[in-house]
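A.B. asks: Build me a structure from this.
(2 chains)
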Amino acid sequence: MVRYFLNKFFYMLVSILILITATFFLMKAIPGDPFMSEKKVPPEVQARLYQQYGLDQPVWKQYLKYMGNIAQGDLGISMKQLNQDVSGLIGKTFSASLKLGLVAIVVSVVIGVLLGMLAALYHRRLIDNLAMVIAVLGIAVPGFLVAALLQYVFSYKLHMFRVMGFTGPLDYVLPVAALSFQPIAFIARLTRSSMLEVLHAEYIKTAKAKGLSWAQIMFKHVIRNGIMPVVTYVGPMTANIVTGSVVIEQIFGIGGIGKQFVQAIGVRDYTLIMGITIFYGVLLMLARFATDILYVFIDPRVKLVGRKEG
Amino acid sequence: MSVNQTLSSQSTQLKPEDFVQVSTDKKVAETIERESISAWRDSMYRLRQNKMAMTALVAMIIIIIAAIVGPLISKYNYYSNDLLNTNQPPSSEHWFGTDDLGRDMWVRTWMGARISLIVGLAAAMIDLFIGVIYGGIMGYFGGRVDEIMNKFSEILYSIPYLLVTILLLVVLEPSLGTIILALTITGWINMSWIVRGEIMQLKNREFVLASRSMGASSGRLLFRHLLPNAVGPIIVTITLSVPSAIFAEAFLSFLGLGVQAPVSSLGSMVNDARTGWMTYPWRMIFPAAAISVTMLAFNILGDGLRDALDPKLKK
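C.D. replies: Next up is the predicted model:
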């Protein structure tokens, strides 16, 4: 057990290290440096600036310093926004993204599981077909399209919600719907197929033969076993919602990290781009790690030494 | 195919003369009367029976033809501005209307679809190439080689791929080539795992042992015997990796990291359309429909192929 966790943890660390190293060398690969400008700067001033930011040091020293700074949570200074450090900018915008993301995750899981369960219970009936249509659409239609469409129909045409802004609870409805559309589709599919499998399992027959009531069978056996695969999807879902929020925040004018990210890409604010990338990367890899651990606790059958095939 | 047709047409009424005495001669009794149906033909038969998958296939072919022919049959091109005719609704002159610079939407939509398809197919082909070789080596040699190579791919895989792609495109100049490069840098891993799993299952089978005992080399075993038998899952993976590459391209264009103007991309067209689309909805609808239909078609066909090639999985 401990070895399994250490193993997973080690993987996570190596991955994060590679990501950070990649950001460092990509930054170095960009031609020019922040202090190159059209204006003639006296060489002494230039040299002083280089010294101040450590750019006169050899690359490996810069690399070590960069890693050291990140370990302390210092992601550098924004190149375009004056006197703003990247960690501060992320901190300022994180709460909006976090709220949106958490609501989207909860909505995805609840609706996805319910839809999948209904589809499995009413297999090959109307609701099953309907759920599968939603599942196929959700996987095929990109989130930003869903967002634009929702905005058009519900905000411009029906005037049910505000077009932009993120203050009241009503402002959550459209962005959350757009963000969770794809995860709902995935979860519904997963739940449906695993529930169908469970419903035909031998132990369900045994439970019926023992004379358990329908409710007992459902809650004690079917649901518990049926939602197992959903747990494995928590990691990918977080990735999905985080990357999705990048465009969704832009579309609905939500002042979160995603919007910050898009703007940084637009003006090529390299330090901010790299900083947010590292932040996202660490967040997603933590989510993946959490999923691996969660799975062991929920499903005692999981093999601790081997890894998933396929 | 033939078996099923003959069965359904003749099954109802059997007369005594339909039955023929089988010869007692052993040689004659064991001849195969009917044409034998290969596993592949059987799968294709199942695929043809799947109405959803066939509809998807037809939709896919229509989109591919439109992407090739569409821009050619219009008298407009995708880059010329016409500032006197901006934001025109669809008409006999401009079939899909015009955008905010007066460019013809019909041509731009199909040019965008071209870009999407090129990115999707090229990324899938490169994934296939790298994935099959990498996965083949992992699966075939196993042991220490497998362990190291697998660890490497697992670490690479755990870095969120859209982030890697965004990073690369921020640094590199966005163009068709760099987008495909950025997408394939982690895209091949899934394919390599599929191939690895298949090869591991297949390599202990008797026909491999037979071939090896006749002196076949590793390369021959891998490319002549193992990979051809793994072709089903490989095809399914390719079909399903095309839409994910198309999605990624649209997503990146939406962020402004896709192919650069004036070249059109469905993602950037949708993004451009957002500014005024309550008044000009056609600017959004056509590219949006093109992305959705393309992705739907590939996804449904991929699912259909999976069901057809692996009947065990079918519910």
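
A.B. asks: Longest helix in chain A, by number of residues?
C.D. replies: helix A:86-121 (DSSP state H).

A.B. asks: Spit out the contact partners of the closest residue to residue B:277 other than its chain neighbours.
C.D. replies: Closest residue in space to residue B:277, ignoring its immediate chain neighbours: residue B:284 at 4.5 Å, by Cβ to Cβ, 6 or more residues apart in numbering or on different chains. Quick note: C-beta positions are derived from backbone N, CA and C, even for glycine. For residue B:284, the contacting residues are A:148, A:152, B:270, B:273-274, B:277, by Cβ atoms under 8 Å, 6 or more residues apart in numbering or on different chains.

A.B. asks: pLDDT weak spots in chain B?
C.D. replies: Where chain B drops to pLDDT under 70, the residues are B:1-12, B:29, B:311-315.

A.B. asks: Go again with 90.
C.D. replies: Regions of chain B meeting the criterion pLDDT under 90 cover residues B:1-56, B:66-117, B:119-120, B:135-191, B:193-296, B:298-315.

A.B. asks: can you give me the helices for chain B?
C.D. replies: For chain B, the helices defined by DSSP H cover B:2-10, B:26-29, B:39-49, B:51-69, B:105-141, B:143-158, B:161-171, B:176-202, B:206-213, B:218-220, B:227-229, B:231-254, B:266-273, B:282-309.

A.B. asks: now, of those helices, which is deepest in the fold?
C.D. replies: Stretch with highest mean neighbour count among the helices of chain B: helix B:266-273 (a mean of 26; mean count of other Cβ atoms under 10 Å in any protein chain shown).

A.B. asks: If you count contacts, what does it end up packed against?
C.D. replies: Counting by 3 or more Cβ pairs under 8 Å, 6 or more residues apart in numbering or on different chains; DSSP states H and E, the packing neighbours recorded for helix B:266-273 are helix A:143-150, helix B:105-141, helix B:231-254, helix B:282-309.

A.B. asks: what about 10 Å?
C.D. replies: helix A:143-150, helix A:234-252, helix B:105-141, helix B:231-254, helix B:282-309 (3 or more Cβ pairs under 10 Å, 6 or more residues apart in numbering or on different chains; DSSP states H and E).

A.B. asks: Pull the distance from the fourth one to the chain's centre.
C.D. replies: Yep, that's helix B:231-254 we're talking about. Relative to its parent chain, helix B:231-254 has a centroid offset of 6 Å by Cα atoms, centre = their mean, to the nearest Å.

A.B. asks: which ones are touching residue 270?
C.D. replies: I went with chain A, as the question did not name one. Each residue near residue A:270 by Cβ atoms under 10 Å, 6 or more residues apart in numbering or on different chains is listed here: A:23, A:26-27, A:30, A:34, A:76, A:78-80, A:264, B:170-171.

A.B. asks: ah, I was thinking of chain B
C.D. replies: Contacts of residue B:270 (Cβ under 10 Å, 6+ apart): A:142, A:144-145, A:148, B:112, B:250, B:253-254, B:277, B:283-288, B:290-291.

A.B. asks: cool, residue B:114 as well?
C.D. replies: Per Cβ under 10 Å, 6+ apart, neighbours of residue B:114: B:64, B:66-68, B:70-71, B:78, B:263-266.

A.B. asks: what's the answer for residue A:180, then?
C.D. replies: By Cβ under 10 Å, 6+ apart, the neighbours of residue A:180 are A:103-112, A:138, A:143, A:146, A:187, A:237, A:240-241, A:244.

A.B. asks: Mind checking which of the contacts of residue A:270 are buried?
C.D. replies: A:23, A:26-27, A:76, A:78-79, A:264, B:170-171 (16 or more other Cβ atoms under 10 Å in any protein chain shown).

A.B. asks: could you dump the residues you listed to CSV with distance to residue B:125 and secondary structure?
C.D. replies: Output for the buried ones among the contacts of residue A:270, formatted as CSV (distance: Cβ to Cβ, whole Å; DSSP: H, G, I helix; E, B strand; the rest coil):
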residue, distance to residue B:125, secondary structure
A:23, 29, helix
A:26, 26, helix
A:27, 32, helix
A:76, 39, coil
A:78, 40, coil
A:79, 38, coil
A:264, 33, helix
B:170, 25, helix
B:171, 25, helix
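
A.B. asks: Would you check those and say which has the weakest pLDDT?
C.D. replies: pLDDT across those is lowest for residue A:79, at 73.

A.B. asks: how near is that one to chain B?
C.D. replies: 12 Å (Cβ to the nearest Cβ, to the nearest Å).

A.B. asks: wait, what's in contact with that residue?
C.D. replies: A:34, A:86, A:264, A:267-273.

A.B. asks: Just the buried ones from those?
C.D. replies: Buried, going by 16+ other Cβ under 10 Å: A:86, A:264, A:269-273, out of the contacts of residue A:79.
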